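Student: Below are the sequence and a predicted model for it; my questions follow.
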Amino acid sequence: MQEKILKLYKSLIAIPVILMLLSLILLGVNGLDKSVDLKGGSIAVLELDKNITSNEITTLINEKLGISDAKVISFVDNKVTVEFGDTVDVTNLTNSLKGTASLISFSSVGPVLSEAALNQIYWALGFAFIFMAITVFIVFREFVPSFAVILAALFDIIIALGGMSLFHVSLSVASVGAILMLIGYSVDTDILLTTRLLKRKEGTVDDRAVKAFKTGMVMSLSAIMSMVTLYSVTVIFIPEADVLSDIAAVLIMGLFADVLSTWCMNFGLLKWYLERGK
């Protein structure tokens with residue numbers, strides 16, 4: 001079974017490529033949800049004074065303020081977090097809630113600040129990727145192996161973004177941090193594979209690949225399981241900790257993509273490169 005899989009290495013390259021293309025289609029069709037920090041708007045945390053459903057509180061706020069974009073994003077016990085697509089007047093909001101709920105906290109982000117935050121995120125991702133690529137080229141000094149490592153990291157990011165679009169995980173400062181962490185995870189497993197195949201000479205290419213696979217899968221599965229645990233705990237027991245659940249969700253999707261891009265695509269490119277070189 002193992003030998004058959006190793007012989008099909010060229011066909012395995014198609015798996016992450018197809019997932020990447022599907023992710024690009026999803027991003028083109030659905031786009032990405034953005035948090036208030038990046039798209040602008042307001043967030044209010046309320047403490048209910050009487051029993052009321054999330055639909056009723058949304059309808060009340062929309063009617064009182066004459067808007068239509070208020071939505072409940074968190075409802076835990078008697079505390080409700082409401083998001084507005086635009087900035088609202090805090091005094092009007094407080095008056096509209098009299099007898100129903102009390103305002104605990106309120107934050108608002110204007111379009112100028114949200115655009116500046118989004119630009120900073122683009123720069124952070126761009127610089128992280130550029131410096132990663134430079135480091136990889138310095139370490140291996142060969143085009144194909146270095147290109148394979150960089151391509152795998154790019155695939156991981158695109159597939160993770162496609163998953164965010166599919167499951168409506170918002171692009172936020174927290175999820176961008178998870179994407180930056182994902183670059184590190186991706187490079188870690190890809191450098192493990194590339195180093196084992198290029199630098200070590202004992203055994204055949206397939207033997208070295210199998211040993212690298214065993215080590216790499218232990219690393220990847222450990223990281224995936226820890227993120228699954230974090231996501232489960234936050235969703236079930238701490239639903240208000242949406243920052244942690246977003247980070248865990250992005251890393252789960254990205255690490256799953258990393259398994260495919262490393263052991264299907266990167267391995268296939270490296271094996272083709274080594275055999276062609278011989």
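Tutor: Here it is on my side, so go on.

Student: ok, now which ones touch the residue nearest to residue 231 when sequence neighbours are not counted?
Tutor: Counting by CB to CB, 6 or more residues apart in numbering, residue 248 is the residue found nearest to residue 231 once chain neighbours are left out, at 3.8 Å. In short, each C-beta sits where N, CA and C put it, glycine included. Taking CB atoms under 8 Å, 6 or more residues apart in numbering as the criterion, residue 248 is in contact with 178, 227, 228, 230, 231, 234.

Student: how about those residues in CSV, adding distance to residue 206?
Tutor: As requested, the contacts of residue 248 are exported to CSV (distance: CB to CB, whole Å):
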residue, distance to residue 206
178, 34
227, 31
228, 31
230, 36
231, 36
234, 41
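
Student: For residue 177, which non-adjacent residue is closest in space?
Tutor: In this structure, residue 177 finds its nearest non-sequential neighbour in residue 247, 6.7 Å apart by CB to CB, 6+ apart.

Student: Sticking with the residue nearest to residue 272 when sequence neighbours are not counted, tell me its helix or strand.
Tutor: With sequence-adjacent residues excluded and distances taken as CB to CB, 6+ apart, residue 272 is closest to residue 10, at 6.8 Å. Using DSSP states H and E, residue 10 sits within helix 9-12.

Student: Please compute how far that helix lies from its chain's middle.
Tutor: Put simply, helix 9-12 sits 26 Å off its chain's centre (CA atoms, centre = their mean, to the nearest Å).

Student: Moving C-terminal from it, which element do we reach first?
Tutor: helix 14-30.

Student: residues making contact with that next one?
Tutor: Defining contact as CB under 8 Å, 6+ apart, one finds that helix 14-30 is touched by 152, 155, 158-159, 161-163, 165-166, 257, 260-261, 264-265.
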